[in-house]
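Student: How does the following fold in three dimensions:
(chains A, B, C and D)
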2 protein chains.
Amino acid sequence: MSTATASRALSGSPLISADTADRVKAAAEGLRYRSDHIGRALRSRATLSLGLVVPNITNPFFPALVQAVEIEAKRAGWSMLLADSLDSVDIERENLDLLIGRRVDAIVASPLHRTRSRPALAAAAEILPVVQFDRHASDALPYVGVDQRAAMTAVLEHVVAAGRRRVAYVGANTGESTAAERLSAFRRWAVERGQERGHWLADSTLEGGDDAARRVLARRPDVDAIVCCNDAIAVGVLAHLGERGIDVPGQVAVTGFDDSVMSLVCRPALTTVAQPLDAVAREAVAWAQNGPEAPTGRTLFEARLVIRRSTAAPNPA
Amino acid sequence: MSTATASRALSGSPLISADTADRVKAAAEGLRYRSDHIGRALRSRATLSLGLVVPNITNPFFPALVQAVEIEAKRAGWSMLLADSLDSVDIERENLDLLIGRRVDAIVASPLHRTRSRPALAAAAEILPVVQFDRHASDALPYVGVDQRAAMTAVLEHVVAAGRRRVAYVGANTGESTAAERLSAFRRWAVERGQERGHWLADSTLEGGDDAARRVLARRPDVDAIVCCNDAIAVGVLAHLGERGIDVPGQVAVTGFDDSVMSLVCRPALTTVAQPLDAVAREAVAWAQNGPEAPTGRTLFEARLVIRRSTAAPNPA
DNA sequence: ATGAAAGCGCTAACAC
DNA sequence: GTGTTAGCGCTTTCAT
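Tutor: Model (predicted):
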């Protein structure tokens, strides 16, 4: 029997008799034959693998997303090569190059920086399908994520509905598209609501939040809500308020964003925003697999407000 | 010029004139030539890639380890295929199979279960080098991790040195080798110290810790220290004690393990154990790259006790 | 120092 | 429905 027949039998080609197919499969079983992925990839020009580029896997937002992408990729018979950019645009560029060199069939990337990541992403997209997820850097490439502006606006509306009137916003590095959009949502909302538009920027760390809280209080000692760009900052804010003896939520409400484990573990637990990671991952992988025909476009999902103790109604005092 | 000459020039073969080598490199540059990884892999029988199998990437202990492994792999010119077992031994077996099918050159795995993961791991090790890290399931395969028993003993000694006398231990699922070793360290220590040996088991979640704390208090209301197998459980214990109005560290000291972000964020911050992830990753990747000649053996690193507020000396009251 | 040719394992194209 | 053949891109003999 020829190798071609065997190949057809194992790949479930219709051009083969059921009998032969069965015999081949039985023999393959007996010999513990496993088709060689490399040979197949060389011949078929497809590696059935996906490159996933994340800004930094130790950012607690990403592990769940990585897991979701891997599950979706596997569902389609693809494997995932993970590349962590360690928050460096240079490493991100190297990662894209490396994945292209590895002949992945498509790349799903969360670009580090909304402008500085663009050239490398665009260069990669000349060679293979590139889908942006969570963050974006180029309007010319497909993007899958959640509607950051709507989510942040929902947080702000919630805080006001809970009786707060003097809201301060602490944003993160606006190089990240998500952070930029959340800040822009705050500013628009503040204008529409006739609220004070002042905002503060912080590193996305506990120390960054701690320091930002100090600056907020110095400038607006009467603040009754601090809305933060993400959970890490919010937890730092919480720590600072705790040290100063300021009660949360009694005197000041605090909110985070991302629904990371931190928001659940800190005291009081943080009101935050949860993203539909499975849906985002599924859509991103689907885009990637549609190959070069994938039209440019955005798919936005709706995030969900997770209300916890940190925004409970203030003490009557 | 023949393809052979070009290949030699680019791979830096000595059998070539400097002049030709330069011309080839210049031409390659101009044409943006990048050698095809698949063709090379087919010919050379090496994919320069490493499979990494983790129990569950959303377990906050693993992201930093994944990052460390990827950095080390990249340093050696290898890429990393990540496979997440979602805490299922069946998926873990599939993952090993899948990585073998992808022709990775070696696998680094943290086995889910100290006995049930063994068959699949052993089968994989027949085909390619397999290194266990953090957790282990087979004495016949190399292992790199930290000395769990020494670390847990250090925690216990620290708690006693801080003036605690009635220590309860809350362990995790002992299917994990690390959890089994930490529990065994506690039991040995309790015997040697003439301490009460009672211990409780819990799921490695906040709810698990909460429930375990309830059971501990029901049985030993006079407990003055609760030593936990990991941070997740410890944070749950902390939450339960908080609800009951029991002061930490005033009345009860609590400890975690893993130095995850949770241990830093919760209040009071948790005394915990930090592992030298970079060293573990470097060693694991080195074992993997030494290929089939790697002798069986264990490399144990020393963990570091991180002392925080949750084990401060008790109130004089 | 260079070229010619073979072949890694697979599948697509073509013949029958 | 099955066999034959070619060739994916590379490296490595072997010959010159």
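Student: can we go C-alpha only for contacts and neighbour counts from here?
Tutor: Will do.
Student: which bits of chain A sit near DNA strand C?
Tutor: A:3-4, A:7-8, A:11, A:34-44 (CA under 7 Å from any atom of the strand).
Student: Now the buried members of those.
Tutor: A:8, A:37-39, A:41-42 (16 or more other CA atoms under 10 Å in any protein chain shown).
Student: tell me which of the residues of chain A next to DNA strand C is nearest to residue A:66?
Tutor: residue A:37 (23.5 Å; CA to CA).
Student: Cross-check the contact I'm expecting between residue A:89 and residue A:110.
Tutor: No - if you go by CA atoms under 8 Å, residue A:89 and residue A:110 don't touch, sitting 11.6 Å apart.
Student: who has more neighbours, those two?
Tutor: residue A:110 (28 against 18; other CA atoms under 10 Å in any protein chain shown).
Student: contacting residues around that one?
Tutor: Going by CA atoms under 8 Å, 6 or more residues apart in numbering or on different chains, residue A:110 touches A:53-55, A:132-136.
Student: what does residue A:134 give?
Tutor: Counting by CA under 8 Å, 6+ apart, residue A:134 touches A:110, A:143-146, A:178.
Student: quick check, nearest of the residues you listed to residue B:156?
Tutor: For the contacts of residue A:134, the nearest to residue B:156 is residue A:110 (42.9 Å; CA to CA).
Student: how near is that closest one to residue A:131?
Tutor: According to CA to CA, to the nearest Å, residue A:110 stands 8 Å off from residue A:131.
Student: what residues are shared contacts of these two?
Tutor: Overlap of the contact sets of residue A:110 and residue A:131 (by CA under 8 Å, 6+ apart) is empty.
Student: Tell me where the stretch 101-250 of chain A has strands.
Tutor: Along the stretch 101-250 of chain A, counting by DSSP state E, counting those that start in this stretch, strands occupy A:106-109, A:130-133, A:143-146, A:167-171, A:199-201, A:225-228.
Student: residues from the stretch 1-150 of chain A in reach of chain B?
Tutor: When proximity is defined as CA under 8 Å from any CA of the partner chain, the stretch 1-150 of chain A approaches chain B at A:34-39, A:41-42, A:57-58, A:60, A:63-64, A:67, A:70, A:79-84, A:101-103.
Student: when you check those against the strands, which ones overlap?
Tutor: Counted as lying in strands by DSSP state E, out of those, are A:79-84.
Student: top of those residues by neighbour count?
Tutor: residue A:83 leads those on contacts (other CA under 10 Å) with 29 neighbours.
Student: Just the element for the residue lying closest to that residue once chain neighbours are set aside, please.
Tutor: Spatial nearest neighbour of residue A:83, chain neighbours left out: residue A:53 (4.8 Å); criterion: CA to CA, 6 or more residues apart in numbering or on different chains. Secondary structure from DSSP states H and E places residue A:53 in strand A:49-54.
Student: How far off centre is that strand?
Tutor: 13 Å (CA atoms, centre = their mean, to the nearest Å).
Student: likewise stretch A:229-241?
Tutor: 20 Å.
Student: What are the buried residues along it?
Tutor: Buried residues in stretch A:229-241, counted by 16+ other CA under 10 Å: A:229-241.
Student: returning to what we had before: and the residue nearest to residue A:83, how many neighbours does it have?
Tutor: As a burial measure, residue A:53 scores 26 neighbours (other CA under 10 Å).
Student: quick one, what contacts it?
Tutor: A:82-85, A:92, A:95-96, A:107-111.
Student: rerun that using 6 Å as the cut-off
Tutor: A:83-84, A:109 (CA atoms under 6 Å, 6 or more residues apart in numbering or on different chains).
Student: Does anything pack onto the longest helix along chain A? Which helices or strands?
Tutor: The residue-count maximum for a helix in chain A (DSSP state H) belongs to helix A:177-193. On a contact count with 3 or more CA pairs under 6 Å, 6 or more residues apart in numbering or on different chains; DSSP states H and E, helix A:177-193 meets helix A:148-161.
Student: can you list contacts of the helix it packs on?
Tutor: A:181-182, A:185, A:303.
Student: likewise stretch A:90-97?
Tutor: Taking CA under 6 Å, 6+ apart as the rule, stretch A:90-97 contacts A:85, A:120.
Student: Now do the same for that stretch: mean pLDDT, whole number.
Tutor: Average pLDDT, stretch A:90-97: 97.
Student: buried stuff in that stretch?
Tutor: For stretch A:90-97, using 16+ other CA under 10 Å, the buried residues are A:92-93, A:95-97.
Student: Same check on stretch A:135-147?
Tutor: Using 16+ other CA under 10 Å as the test for burial, stretch A:135-147 gives A:135-138, A:141-147.
Student: Quick check: the residue nearest to residue A:190 when sequence neighbours are not counted vs DNA strand D, distance?
Tutor: Spatially, and ignoring its direct neighbours in sequence, residue A:190 is nearest to residue A:197 (5.5 Å; CA to CA, 6+ apart). The spacing between residue A:197 and DNA strand D, counted by CA to the nearest atom of the strand, to the nearest Å, is 56 Å.
Student: Can you list the low-confidence ranges for chain A?
Tutor: A:291-296, A:315-317 (pLDDT under 70).
Student: Give me the most central residue, it.
Tutor: When CA atoms, centre = their mean is applied to chain A, the residue found nearest the centroid is residue A:134 (3.8 Å).
Student: Would you pull up the residue in the stretch 151-300 of chain A closest to chain B?
Tutor: Closest residue of the stretch 151-300 of chain A to chain B, CA to the nearest CA: residue A:266 (4.9 Å).
Student: what domains does the record give for chain A?
Tutor: What automatic domain parsing lists as the domains of chain A is A:3-35, A:46-146+A:276-303, A:148-275+A:306-311.
Student: So the first one, near DNA strand D or not?
Tutor: Yes - residues of domain A:3-35 are located near DNA strand D by CA under 7 Å from any atom of the strand, namely A:3-5, A:15-17, A:19-21.
Student: Parallel or antiparallel, list what pairs with the strand holding residue A:53.
Tutor: With DSSP bridges as the test, strand A:49-54 is paired with strand A:79-84 (parallel), strand A:106-109 (parallel).
Student: Point me to the residue of the stretch 51-200 of chain A nearest chain B.
Tutor: Counting by CA to the nearest CA, the stretch 51-200 of chain A gets nearest chain B through residue A:81, at 4.7 Å.
Student: partner residues bridging residue A:51?
Tutor: Bridge pairing for residue A:51 - DSSP bridges - gives residue A:81, residue A:107.
Student: How about the contacts made by the closest residue to residue A:252 other than its chain neighbours?
Tutor: Leaving aside its sequence neighbours, residue A:252 sits nearest to residue A:224 (CA to CA, 6+ apart; 4.3 Å). Neighbouring residues of residue A:224 by CA under 6 Å, 6+ apart: A:164, A:166, A:252.
Student: do you know how far the first one is from residue A:243?
Tutor: To tie it back to what came earlier, the one meant is residue A:164. 22 Å.
Student: Likewise for the second one?
Tutor: As judged by CA to CA, residue A:166 and residue A:243 stand 21 Å apart.
Student: More neighbours: which of the two?
Tutor: Neighbour tally, residue A:166 and residue A:243, criterion other CA under 10 Å: the higher count belongs to residue A:166, 16 against 11.
Student: picking up where we left off before, looking at the contacts of residue A:134, which one is closest to DNA strand D?
Tutor: residue A:110 (28.6 Å; CA to the nearest atom of the strand).
Student: Residue A:231 against residue A:259, yeah?
Tutor: No - look at residue A:231 against residue A:259 with CA atoms under 6 Å: they stay out of range, at 7.2 Å.
Student: returning to what we had before: now the buried residues of stretch A:135-147 in JSON lines, with distance to residue B:48?
Tutor: Formatted as JSON lines, these follow (distance: CA to CA, whole Å):
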{"residue": "A:135", "distance to residue B:48": "30"}
{"residue": "A:136", "distance to residue B:48": "31"}
{"residue": "A:137", "distance to residue B:48": "31"}
{"residue": "A:138", "distance to residue B:48": "32"}
{"residue": "A:141", "distance to residue B:48": "30"}
{"residue": "A:142", "distance to residue B:48": "31"}
{"residue": "A:143", "distance to residue B:48": "31"}
{"residue": "A:144", "distance to residue B:48": "31"}
{"residue": "A:145", "distance to residue B:48": "33"}
{"residue": "A:146", "distance to residue B:48": "36"}
{"residue": "A:147", "distance to residue B:48": "39"}
